[in-house]
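Participant: What follows is a protein structure lacking sequence information:
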């Protein structure tokens, strides 16, 4: 992240700051990891602490169906059902103690505010357009945008299309750009596959000076609780710092290629504690005269691997549809489907786009995931002759 400033702020922090009408503005430190992590200072028209009432907590703990998984699996995201409400539409498919991920297909804009009080959120826009409205400004989003929303951000989502689909990741640790692509001052290095120009900060909006009853749904410890506040949460007259939501479009990722096949870490886009997020993008294939563009077989001994397929045709897999999730557990060898390696030879370019998440602790599978699983995936690497024998044995 880099320093950003918007609106009106005092010359010196933690000092008296008043409106033209000689009324106090109220300062808020917005940050993470105590007073050690990155932070911003926000200046409110009203005290941001005015709670009118707190409702009964609603439990939203994902129901685990498979605690210990060793099987390759595919989940058909196309079959995840839409919901009108933004939060109800969030279906968690896979999780561990570091993160949760799944799919969201909301059909209506939010008529309330929301705050995740314990997790950073990554919303990848598989399809659709709209506006992420936050207390520090707005981010208009389109297909292909990653929306990175730090924990504690109060936001609303206004949908501009009725078929919006988000890939959702909730992280119990902050989500950062990869440390290996930054120098000791935090600047992205010349060989990074993206730069600061690709990271878009919120557009500042005039503050809302409103009193009344404002519903903020707060999520913490797998519970969502309704808080009614006495003032509009978007009453920020100015802010500055390093901690704020931003967007990054997957098509601004510049793939690193080579003469022979490059390993997945070259596609890394973000990281958190015990996981990385990679962007597989349209790119030239390997250009050694004997190169095999298809990925080689590998077993990910220390991590699970999740791929979310979002655009294009995927050379390494058979029968893949957009919105599919594949899960390959650590320690189990996987690779191209039969015929994929041979088909790839001589290919010069790919137009595929996918989001990959590698968690370094095993994933648990939820009941929501089993509702949309394709059970045939685990045997999809069989040669045709072996597959025929397998089918006969099941008759």
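Facilitator: Happy to help now that I have it. Because the structure is a prediction, the values reported are computed rather than measured. Numbering: from 1, shown residues only.

Participant: confidence score at the residue lying closest to residue 250 once chain neighbours are set aside?
Facilitator: Counting by CB to CB, 6 or more residues apart in numbering, the nearest residue to residue 250 once its immediate chain neighbours are dropped is residue 144, at 4.6 Å. Backbone N, C-alpha and C define where each C-beta goes, glycine included. Per-residue confidence at residue 144 stands at 97 (pLDDT).

Participant: Look at residue 144 and say how many residues are nearby.
Facilitator: 21 (other CB atoms under 10 Å).

Participant: I'd say it and residue 248 touch.
Facilitator: No - checked against CB atoms under 8 Å, the pair residue 144 and residue 248 is beyond contact range at 9.5 Å.

Participant: so who does the residue nearest to residue 250 touch?
Facilitator: Listed by CB atoms under 8 Å, 6 or more residues apart in numbering, the contact set of residue 144 reads 125, 249-251, 310-311, 353.

Participant: Pull out the buried members of these.
Facilitator: Under a neighbour-count criterion of 16 or more other CB atoms under 10 Å, the subset of the contacts of residue 144 counted as buried comprises 125, 249-250, 310-311, 353.

Participant: and the residue nearest to residue 66 when sequence neighbours are not counted, what helix or strand is that in?
Facilitator: Nearest residue to residue 66, sequence neighbours excluded (CB to CB, 6+ apart): residue 365, at 3.9 Å. Using DSSP states H and E, residue 365 falls within strand 364-366.

Participant: ditto for residue 309
Facilitator: Following DSSP H and E, the helix or strand that holds residue 309 is strand 305-311.

Participant: Could you give the separation of that strand from the chain centroid?
Facilitator: Remark: strand 305-311 is offset 12 Å from the chain centroid, using CA atoms, centre = their mean, to the nearest Å.

Participant: Give me the contact list for that strand.
Facilitator: 77, 94, 101, 124, 126, 144, 167, 250, 280, 320-328, 330, 334, 351-359, 363.

Participant: average pLDDT for it?
Facilitator: When pLDDT is averaged over strand 305-311, the result is 95.

Participant: Now do the contacts for the residue nearest to residue 66.
Facilitator: Counting by CB under 8 Å, 6+ apart, residue 365 makes contact with 64-66, 69, 73, 93-94, 327.

Participant: try residue 171
Facilitator: Counting by CB under 8 Å, 6+ apart, residue 171 touches 98-99, 119-122, 272-273, 275.

Participant: try 6 Å this time
Facilitator: Taking CB atoms under 6 Å, 6 or more residues apart in numbering as the definition of contact, the neighbours of residue 171 are 99, 119-120, 272.

Participant: and which of the residues you listed is nearest residue 204?
Facilitator: Residue 204 lies nearest to residue 120 out of the contacts of residue 171, by CB to CB, at 21.8 Å.

Participant: what's the neighbour count on the closest one?
Facilitator: The number of residues packed around residue 120, counting by other CB under 10 Å, is 24.
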